[in-house]
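Colleague: Take a look and give me a structure for this.
(2 chains)
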Number of protein chains: 2
Amino acid sequence: MNDADDDLNVPIRSEPGEVGLVEPRDFVTTEPFVFDNGQSIPGFTLRYETYGRLNAAHDNAILICHALSGDHHCAGIHSLNDRKSGWWNNLIGPNKAVDTNKFFVLCCNVIGGCQGSSGPSSIDPRTGKAYGITFPAVTIRDMVRTQKLWLDSLGVQSLYAVIGGSMGGMQVLQWAIEYPSFVKRALAMATTAREGAQAIAFNEVGRQAILQDPEWNHGDYPKSGGPRVGLAIARMMAHITYLSDASMDRKFGRKAVRPKSPSSAPDPQVSGLKPPVSDSMEGIDPVAPAATFDVRFEVESYLRYQGQSFINRFDANSYLYITRALDQFDLAATHGTLEQAFAEVQAATLVVGFTSDWLFPPDQNRAIALALLRAGKRVSYAELATDLGHDSFLLESPQLYELVRGFLN
Amino acid sequence: MNDADDDLNVPIRSEPGEVGLVEPRDFVTTEPFVFDNGQSIPGFTLRYETYGRLNAAHDNAILICHALSGDHHCAGIHSLNDRKSGWWNNLIGPNKAVDTNKFFVLCCNVIGGCQGSSGPSSIDPRTGKAYGITFPAVTIRDMVRTQKLWLDSLGVQSLYAVIGGSMGGMQVLQWAIEYPSFVKRALAMATTAREGAQAIAFNEVGRQAILQDPEWNHGDYPKSGGPRVGLAIARMMAHITYLSDASMDRKFGRKAVRPKSPSSAPDPQVSGLKPPVSDSMEGIDPVAPAATFDVRFEVESYLRYQGQSFINRFDANSYLYITRALDQFDLAATHGTLEQAFAEVQAATLVVGFTSDWLFPPDQNRAIALALLRAGKRVSYAELATDLGHDSFLLESPQLYELVRGFLN
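Modeller: Just a heads-up that it's a prediction; the model follows:
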């Protein structure tokens, strides 16, 4: 898809307060791109969406950066039948905290991803086959540098703000460092300038679940197949780290699921994974089996659903690549110290930590703000008291909306 | 092995302050045992060890209860070449907090386990084949009731104390409830009267990793085979929950492993799992692969080692059974309220929580003590400030030793 002759401004559905119907577009370049590790690909695609209008001065653009499992679809709906809006629809829209009446909001799927942007599941034009793990290793900086090429192509000459949470927050920091005069405001939430050992450890277990799945086959698998079990396990585990003990207890506690009658159909929630044990045990034991490992608690059913829905939308190799990008991100190591990393930053910065976030805890967010402060930069730090865990940044929060609105005005 | 004609007292090696050489024994009964779920087996075995001597009054016995992946070998060594002592050797021994000069200390592998006690990997005498998942579902109460039969056979007429952490602590509580006049003192650490949703969730992901491994085969697999990958994934993940963010950061931080030369032999630590990607990628790419998923950080190498060593000593079906026992344990639900659960308790009780334990957090330990207090029982609660996570109860801690010593004297 050629972007040059496109109208950048997606039609806005008339429903007040909502972005409404949107459609994704593709930025396609045939210029080779050289990754941080020195390897290159002969061009790439970034899939993106935009909401609102770029003004005449070209200075009202806000870039949204997505997290590990997110994508370019951060607001609006793709069809009138859509049950779910984009992942940050509560924050972005007419008169919302990120006001699409005032701002031209953009979001793209990261390089290395699998929602339309080039990544391991894309076809390598040199071989006619999917890259698989011959796709170059991706860094947060590679994500940012490819985004800059895309923004240049759209005529965006500066960013009024760049906003993101979790891995999106890493991109925000990298943007402020990499293109200091381009970025006017940087808002990073629930993020870190480098992961601790525990976060790396969880990512490693997820990767092992994928790598050790026989269907992974060194990354060479058909689009509809692959290490679905390994990816589901990785996602189920990771999902726990996005929540909090308190929020899980409130939502699920020890609530039991209603036992299924033996004749009932398999739970559609787990239809892609192997059915629960009892459903496949017919004929093994003439009486009831002594022990089954069916879903007993609601939280189990919920997690199985999370695993199941993830494998239908995410590529396992992309999961490997992007978790590696997360683990390798280390601004202090790259620049000597965190203050040195921020030495050239010009953006006004807001960092937001969430008290119940145990994946990228408040301490790690505060450390970013402190380093910016020590580097003599304009920075604010806010810590929001929530008990919703890492995913707090994605959830309804009037407090967060006020912070964002205030920062942008 | 018949216990009737055995000397109960294992020879004590003369080395001062150490239990020394010990050997496991088996309690074997051919009396059918009826599990909580109503199903039965025609007799069972419990493997156990004892340290110290039962006194003439038969009133100096202390029972140690082990956690999920523990076993009967809690002190001493099995041979002079042993590099590792039993898992609670720091606590148990001559003049130690649990003083084997004064007490007769016993510990057995739980029913449902795989270290010599009857469990899914044991042979069902009725079929001549391993039980697999035809072994009845096991509860914490089943563990305790089988232990009582074993103690009866040894002539133990009361327990001076029963001590355990984590799942061992659940058994401690169940002992005090089930046999009120038999148990004089109960010491439960790092435990819970019922798991929260997050703990259940982690156990469920571990079970799914096993259940979805094709080698699981509905629980029917050869002793040397089975779902080794799934079990390793389950263990790697669970291991993270036994530590703390702070302790992992102190131990590993973001330390990188030394890159291997291409010609080096595969890392022996991961020899049982499939080798790292780069070792098996020869011939796929004539140049270096674009992305490999080798170990990069020390914490990854450590976790792979944990997964690897676990699959060499633990049975996957036992892991399923025992995690289910943990998840199903719910004293309040079983008895109406936690106070009612403790209504008949006669033991003096000490509950110990650890500040950095996020698997069974201090709150859950305090709740046990408060319920005992409300039920009018003799109870103390201690909260130890550590940053070592759930496993704090197993680690060197003069504070803990003093608490235990004080409680026993």
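Colleague: what residue ranges in the stretch 201-350 of chain A score low on pLDDT?
Modeller: Along the stretch 201-350 of chain A, the parts satisfying pLDDT under 70 run over A:259-291.
Colleague: Tell me which residue of it lies closest to chain B.
Modeller: Nearest to chain B in the stretch 201-350 of chain A, going by Cβ to the nearest Cβ, is A:Met248, at a distance of 3.8 Å. C-betas here are computed from N, CA, C, even on glycine.
Colleague: what sits against that residue?
Modeller: Neighbouring residues of A:Met248 by Cβ atoms under 8 Å, 6 or more residues apart in numbering or on different chains: A:Ile240, A:Val299, B:Gly196, B:Ala197, B:Gln198, B:Ala201.
Colleague: give me the element the fifth one is part of.
Modeller: Think B:Gln198. Under the criterion of DSSP states H and E, B:Gln198 resides in helix B:197-211.
Colleague: Any idea how far that helix is from the middle of the chain?
Modeller: Put simply, helix B:197-211 sits 17 Å off its chain's centre (Cα atoms, centre = their mean, to the nearest Å).
Colleague: Contact residues of the stretch 1-150 of chain A facing chain B?
Modeller: For the stretch 1-150 of chain A, the contact set with chain B under Cβ under 8 Å from any Cβ of the partner chain comprises A:Asn37, A:Gln39, A:Tyr131, A:Ile133, A:Thr134, A:Phe135, A:Pro136, A:Ala137, A:Val138.
Colleague: Tell me if I'm right that the fourth one and A:Trp216 touch.
Modeller: No: proximity of A:Ile133 to A:Trp216 does not meet the contact threshold set by Cβ atoms under 8 Å, at 9.6 Å.
Colleague: Mind telling me what element A:Ala186 is part of?
Modeller: If you go by DSSP H and E, A:Ala186 is part of strand A:185-189.
Colleague: neighbouring contacts of that strand?
Modeller: Contacts of strand A:185-189 (Cβ under 8 Å, 6+ apart): A:159-166, A:168-170, A:172-173, A:175-176, A:345, A:347-354, A:365, A:368, A:393, A:400, A:404, A:407-408.
Colleague: buried sites along stretch A:351-364?
Modeller: Applying a neighbour-count criterion of 16 or more other Cβ atoms under 10 Å in any protein chain shown, one finds A:351-362, A:364 buried in stretch A:351-364.
Colleague: whoops, I mixed them up, stretch A:338-351
Modeller: A:Leu338, A:Glu339, A:Ala341, A:Phe342, A:Val345, A:Ala347, A:Ala348, A:Thr349, A:Leu350, A:Val351.
Colleague: Am I right that A:Leu173 sits in a helix?
Modeller: Yes: judged by DSSP: H, G, I helix; E, B strand; the rest coil, A:Leu173 forms part of a helix.
Colleague: Please report the distance of A:Trp88 from A:Ile62.
Modeller: For A:Trp88, the distance to A:Ile62 (Cβ to Cβ, to the nearest Å) stands at 11 Å.
Colleague: Next, show the common contact partners of these two.
Modeller: Common neighbours of A:Trp88 and A:Ile62 are listed as A:Val98 (criterion: Cβ under 8 Å, 6+ apart).
Colleague: on that earlier part again, can you tell me which of the contacts of strand A:185-189 are buried?
Modeller: Among those, those buried by neighbour count (16+ other Cβ under 10 Å) are A:159-166, A:168-170, A:172-173, A:175-176, A:345, A:347-354, A:365, A:368, A:393, A:400, A:404, A:407-408.
Colleague: Sort out for me which of the residues you listed are in helices.
Modeller: If you go by DSSP state H, the buried ones among the contacts of strand A:185-189 have A:168-170, A:172-173, A:175-176, A:365, A:368, A:400, A:404, A:407-408 in helices.
Colleague: re the thing from before, what's the helix holding B:Gln198 packed up against?
Modeller: Where contact means 3 or more Cβ pairs under 8 Å, 6 or more residues apart in numbering or on different chains; DSSP states H and E, helix B:197-211 is packed against helix A:228-242, helix A:245-251, helix A:298-311, helix B:228-242, helix B:316-328.
Colleague: got a list of what the residue sitting nearest the centre point of chain A touches?
Modeller: Chain A has A:Ala67 as the residue nearest its centroid, 2.1 Å off, counting by Cα atoms, centre = their mean. Residues near A:Ala67 by Cβ under 8 Å, 6+ apart: A:Gly164, A:Gly165, A:Ser166, A:Met167, A:Gly168.
Colleague: who are the neighbours in contact with the last one?
Modeller: With contacts defined as Cβ under 8 Å, 6+ apart, A:Gly168 is in contact with A:Ile64, A:Cys65, A:His66, A:Ala67, A:Gly70, A:Ala188, A:Met189, A:Thr191.
Colleague: And those, which is closest to B:Asp82?
Modeller: Closest approach between those and B:Asp82, by Cβ to Cβ: A:Thr191, at 46.6 Å.
Colleague: secondary structure element for that closest one?
Modeller: Secondary structure from DSSP H and E places A:Thr191 outside every helix and strand.
Colleague: from what I can see it touches A:Ile163, true?
Modeller: No: taking contacts as Cβ under 8 Å, A:Thr191 lies outside contact range of A:Ile163: 11.2 Å.
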